[in-house]
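[1] Any chance you could fold what I've pasted below:
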Amino acid sequence: MIVRPASLADLAKLTDVYNYYVEYSPATFDIQPFTPQQREGWFHDHSDGHRHRLLVAEQKPGEILGYAASGPFRSKEGYQTTVEVTVYCHPAATGKGVGAALYRELFELLKCEDVHRAVAGIAQPNAASNALHERFGFVMVGTFTDVGRKFGTYIDVLWMEKVMPPKPQVEISKEAS
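    Residues are numbered from 1 along each chain as shown. Here you go, the predicted structure:
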């Protein structure tokens, strides 16, 4: 399995993975499936030159197993050092280490950025996602009850957070000055 930055050529398959959860799972509160064209803005928010990351896992070229992304937690400036993270796996790839591989790489990248906290909102129940986040150092900070509704049912969202290590400081040698 290879984990790499997503490319625009991946967008249709990323959209397919996400649409599975839109149509069949309470993991996202989106109700209507998306077209790849509708997801272009989301994709471009994660491309080169932008702050947030979008990684894909593939078994072989073009066979997308899942993706992980970091994004803004809130739009207000004071939240800039907090990111919300998410991971979605192709339904045939769940439970096979894909989510862990994606998060391993994502958190390595985030270590080099000015990120103080990572947060995740997880629709409940979702024992697998809860366990994945705990494995990566997230702790539960609270539950919003009945905040989403999908498939005729109100759904709780568990909020978890991870303290991120300080961004490494670049030392300038005195010899260079």
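[2] And for the spatially most central residue of the chain, nearest residue in space, chain neighbours not counted?
    Per Cα atoms, centre = their mean, the C-alpha nearest to the average position across the chain is that of Thr86, at 2.3 Å. Excluding the flanking residues, the one nearest Thr86 by Cβ to Cβ, 6 or more residues apart in numbering is Ala69, at 5.5 Å. No exception for glycine: its C-beta is placed from N, CA and C like everyone else's.
[3] quick check, the one you found in a strand?
    Yes. Looking at Ala69 with DSSP: H, G, I helix; E, B strand; the rest coil, it is inside a strand.
[4] count of residues packed around it?
    Using other Cβ atoms under 10 Å, Ala69 has 23 neighbouring residues.
[5] quick one: it and Arg53 touch, right?
    Yes. Between Ala69 and Arg53 there is a contact under Cβ atoms under 8 Å: 6.5 Å.
[6] Need the overlap of contacts for those two.
    Shared contacts of Ala69 and Arg53, defined by Cβ atoms under 8 Å, 6 or more residues apart in numbering, comprise 46, 106.
[7] State the number of residues packed around Met164.
    With other Cβ under 10 Å as criterion, Met164 counts 19.
[8] Hmm, Val119 and it touching each other?
    No. Using Cβ under 8 Å, Met164 is not in contact with Val119; the gap is 10.5 Å.
[9] hmm, back to that, quick one: contacts for the residue nearest to Thr86?
    Counted by Cβ under 8 Å, 6+ apart, Ala69 has contacts 46, 52-55, 85-87, 106.
[10] quick one: which of the residues you listed sit in strands?
    Counted as lying in strands by DSSP state E, out of these, are 54-55, 85-87.
[11] Between those residues, which sits nearest Gly78?
    Closest approach between the ones in strands among the contacts of Ala69 and Gly78, by Cβ to Cβ: Val85, at 19.1 Å.
[12] wouldn't that closest one be in contact with Leu106 here?
    Yes. Using Cβ under 8 Å, Val85 is in contact with Leu106, at 6.6 Å.
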